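[1] this one's sequence-less:
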């Protein structure tokens, strides 16, 4: 008896069709996401890493960032060259000779390395003398001026201020 | 009653579109874009020449009649023709006031229209001028705010002098 009942139920089950997933709504969401991401797609071949605690100034500039050595200065007067902490000024933000020498030596080392790599790759078109300044918007001009002077001493000739597009 | 041939055709089920391959492509694209997305719009403001080079170039250049030099501090901004050292214009500073920037831009546009060939400006800011204010100031020097459709820059080359 039990076996007969089971066979009868199996017949009924086989009649019901498999449930289909409704993918249209999911596809709608994904297309919206795709459009948003395409809009924000960056064509830059390299990216800049901005250290935590640095809020860069706002600007209406639309010039795309270019490759170069990055110097970062935060509100605590810590100077980073290529993301490496090189020196820190005192609490009042006064420049000492030792601070300048440390940054200059770091930049000179980088300049030499860039020149050597340039000679090896024979890519003469690649700029080697660009310095990208990433500095907190509350920093005074005296610090920018000092860093520009040190960079010039180390052989860098072009300065770019990294800003946030508004 | 026999049903008509046309009525028989109507009974056929409409097959659903197979969206799964499209979904696969969209997923792959989303992952690719998520890795390369730039949520912060970062740009640059360039200063093309160092100060010491400018002095050398100036000697080589033909005798110019005009070269703009701007002295910036937190009280005043002074526009000077560095050739004859005469003050062209002056403006009181109020970094927080939008009208100040409007007035500033108007003055720069006026100087540019009087000297259309000049593209270089030498900036001499005081040490205590804040970086954000300096950037805002440079924005005014570079672009014409009264005519937003104009793609021409006012003074494209900005050089710092100390």
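    Sure, I can see it. This structure is a prediction, so every number in the text was calculated from the model and none was measured. Numbers count the residues shown, from 1 in each chain, chains lettered A, B, ... in the order given.

[2] show me where chain B has its strands.
    In chain B, the strands defined using DSSP state E lie at B:42-47, B:68-72, B:76-81, B:86-92, B:120-125, B:157-160.

[3] the first one to strand B:120-125, inter-axis angle?
    Calculated by axes from the mean of the first three to the mean of the last three C-alpha atoms, to 10 degrees, strand B:42-47 forms an angle of 100 degrees with strand B:120-125.

[4] looking at the strands of chain B, which has the lowest confidence?
    The weakest mean pLDDT among these belongs to strand B:42-47, with a mean of 79.

[5] give me the contacts around it.
    A:48, A:50, A:56, A:59, A:61-66, A:132, A:158-165, B:135, B:138, B:142, B:157-160 (C-beta atoms under 8 Å, 6 or more residues apart in numbering or on different chains). Bear in mind the C-beta positions are built from the backbone N, C-alpha and C, glycine included.

[6] just the buried residues of those.
    By neighbour count, with 16 or more other C-beta atoms under 10 Å in any protein chain shown, those hold A:48, A:50, A:56, A:59, A:61, A:65, A:132, A:158-164, B:135, B:138, B:142, B:157-160 as buried.

[7] residue nearest the centroid of chain B?
    residue B:139 (6.6 Å; C-alpha atoms, centre = their mean).

[8] next, the contact list for the residue lying closest to that one once chain neighbours are set aside, please.
    Spatially, and ignoring its direct neighbours in sequence, residue B:139 is nearest to residue A:60 (4.9 Å; C-beta to C-beta, 6 or more residues apart in numbering or on different chains). Counting by C-beta under 8 Å, 6+ apart, residue A:60 touches A:165-166, B:139, B:143.

[9] helix or strand with the lowest mean pLDDT in chain B?
    helix B:51-60 (a mean of 55; mean pLDDT, DSSP states H and E).

[10] give me the mean pLDDT for the longest strand along chain A.
    Longest strand in chain A by number of residues, with DSSP E as the criterion: strand A:158-165. Averaging pLDDT along strand A:158-165 yields 89.

[11] show me what it is packed against.
    Applying 3 or more C-beta pairs under 8 Å, 6 or more residues apart in numbering or on different chains; DSSP states H and E, one finds that strand A:158-165 makes contact with strand A:58-59, strand A:130-135, strand B:42-47, helix B:131-142.

[12] go again with 6 Å.
    Applying 3 or more C-beta pairs under 6 Å, 6 or more residues apart in numbering or on different chains; DSSP states H and E, we find strand A:158-165 packed against strand A:130-135, strand B:42-47.

[13] what angle separates that strand from strand A:130-135?
    When the same axes, to 10 degrees is applied, the directions of strand A:158-165 and strand A:130-135 differ by 40 degrees.

[14] tell me how far strand A:158-165 lies from the chain's centre.
    Strand A:158-165 sits 13 Å away from the centroid of its parent chain (C-alpha atoms, centre = their mean, to the nearest Å).

[15] what does chain A have sitting close to chain B?
    A:23, A:27, A:30, A:33-34, A:37, A:40, A:42, A:57, A:59-63, A:65, A:135, A:137, A:139-142, A:145, A:152, A:157, A:159-163, A:165 (C-beta under 6 Å from any C-beta of the partner chain).

[16] rebuild the strands of chain B as JSON lines, extending it with distance to residue B:35.
    What follows is these, written out as JSON lines (distance: least, C-beta to C-beta, whole Å):
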{"stretch": "strand B:42-47", "distance to residue B:35": "17"}
{"stretch": "strand B:68-72", "distance to residue B:35": "42"}
{"stretch": "strand B:76-81", "distance to residue B:35": "45"}
{"stretch": "strand B:86-92", "distance to residue B:35": "47"}
{"stretch": "strand B:120-125", "distance to residue B:35": "39"}
{"stretch": "strand B:157-160", "distance to residue B:35": "35"}
